[in-house]
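**Q** Pasting the sequence and the predicted coordinates here, then a few questions.
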Amino acid sequence: MSKLLRYCGMLAATASLAALMPAASRAEECKDFAAVGSGINETVAAFMAKQGAVNVAENRDWTVQGEAKVVGCKAAGTFGTECTARIHACRKPH
């Protein structure tokens, strides 16, 4: 019985220490950002979409992880081509 009480006491102490850990050690919050870019050809449209995704994430105070990736491109009528890009970004919770 004393071993069980000792184990429960250790468990309670560990749980209370975990609750007192600073916020900096908590996991980061991550999500994807997307943007659409258009241009006279696919190269220009892809560049605009990638840079737009990076700008959206950074302007909202997120730290970009890796490079933006083009999801897809399609003809945009008389103007040219329209591409969509995504980027993964993270930040520490407040």
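**A** Good, I have the coordinates. Numbering: from 1, shown residues only.

**Q** Which residue comes closest to G72 once chain neighbours are left out?
**A** Excluding its sequence neighbours, the residue lying closest to G72 (C-beta to C-beta, 6 or more residues apart in numbering) is T84, at 5.7 Å. C-beta here means a position set from N, CA and C on the backbone, and glycine is covered the same way.

**Q** try Q65
**A** H88 (4.7 Å).

**Q** buried sites along the longest strand along the chain?
**A** If you go by DSSP state E, the chain has its longest strand at strand 63-75. By neighbour count on 16 or more other C-beta atoms under 10 Å, the buried set for strand 63-75 is 64, 68, 70, 73.

**Q** strand partners of the very next helix or strand once past it, parallel vs antiparallel please.
**A** Next along the chain after strand 63-75, taking DSSP states H and E as the criterion, comes strand 81-91. Sheet pairing here is set by DSSP bridges, and for strand 81-91 it gives strand 29-39 (antiparallel), strand 63-75 (antiparallel).

**Q** could I have strand 81-91 exported to CSV, CA atoms only?
**A** The C-alpha coordinates for strand 81-91 follow below in CSV (Å, rounded to 0.1, in the frame of the first residue of the first chain):
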residue,chain,number,x,y,z
THR,A,81,-2.7,32.3,-66.5
GLU,A,82,-3.7,32.1,-62.9
CYS,A,83,-1.8,30.0,-60.3
THR,A,84,-2.4,29.1,-56.7
ALA,A,85,0.4,28.6,-54.2
ARG,A,86,0.6,27.4,-50.5
ILE,A,87,3.2,27.9,-47.8
HIS,A,88,3.5,26.4,-44.3
ALA,A,89,4.2,28.8,-41.4
CYS,A,90,4.4,28.6,-37.7
ARG,A,91,4.4,30.8,-34.6
